[in-house]
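Undergrad: my questions concern the predicted model and sequence given below.
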Amino acid sequence: QVQLVESGGGLVQAGGSLRLSCAASGRTFSNYAMGWFRQAPGKEREFVGYISRSSITSYADSVKERFTISRDNAKNTMYLQMNSLEPEDTAVYYCTADFSVSKIRVGQSDYWGQGTQVTVSS
């Protein structure tokens, strides 16, 4: 089992920045690919991006050039740096983990956190 805990959410004005963290425990963090999803009110959960075990990243078009995912295996933590935030980025953000980036990409990964709220005001 892998336990995931997100933190760093909050309220920010449009154009601002936030950094989310996802702390993992339970298994060897470096063995897992990690990802971020988000879900806005009344909408389906959507893919934000992932980082592979070798730190290769991929992003949804809607966040490319604005969001950056990184990982620190020594701290068992993944990060989501969000810049130039827009009201449309308002959502609950979830981190996820799996051995397979393919499963992460389609939202079928095995492990999920509880989420952290990000609200961007206009």
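TA: Done, it's in.

Undergrad: straight-line length of stretch 5-14, end to end?
TA: 25 Å (C-alpha to C-alpha, to the nearest Å).

Undergrad: in that stretch, which residues are buried?
TA: Residues of stretch 5-14 classed as buried by neighbour count (16 or more other C-beta atoms under 10 Å): E6, G8, G9, V12. In this view, the C-beta of every residue, glycine as well, is placed from N, C-alpha and C.

Undergrad: need the max-distance pair from the residues you listed.
TA: Across the buried residues of stretch 5-14, the longest distance by C-beta to C-beta is 15.8 Å; it joins E6 and V12.

Undergrad: residues contacting the residue positioned nearest the centre of the chain?
TA: With distances taken as C-alpha atoms, centre = their mean, W36 lies nearest the centre of the chain, 2.5 Å away. If you count contacts by C-beta atoms under 8 Å, 6 or more residues apart in numbering, W36 has them with L20, C22, V48, G49, Y50, I69, M78, L80, Y93, Y94, C95, T96.

Undergrad: for the helix or strand containing it, output the C-alpha coordinates as CSV.
TA: In the assignment (DSSP states H and E), W36 maps to strand 33-39. Extracted C-alpha coordinates of strand 33-39, given in CSV (Å, rounded to 0.1, in the frame of the first residue of the first chain):
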residue,chain,number,x,y,z
ALA,A,33,5.4,7.0,-11.3
MET,A,34,3.4,9.9,-9.9
GLY,A,35,0.7,12.1,-11.3
TRP,A,36,-1.7,14.9,-10.6
PHE,A,37,-5.4,15.2,-11.5
ARG,A,38,-8.0,17.8,-10.7
GLN,A,39,-11.7,18.0,-10.4
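
Undergrad: and that strand, what's buried?
TA: A33, M34, G35, W36, F37, R38.

Undergrad: list the beta-bridge partners for the fourth one.
TA: By that I understand W36. On the basis of DSSP bridges, W36 is bridged to G49, C95.

Undergrad: where's it relative to S122, distance?
TA: 23 Å (C-beta to C-beta, to the nearest Å).
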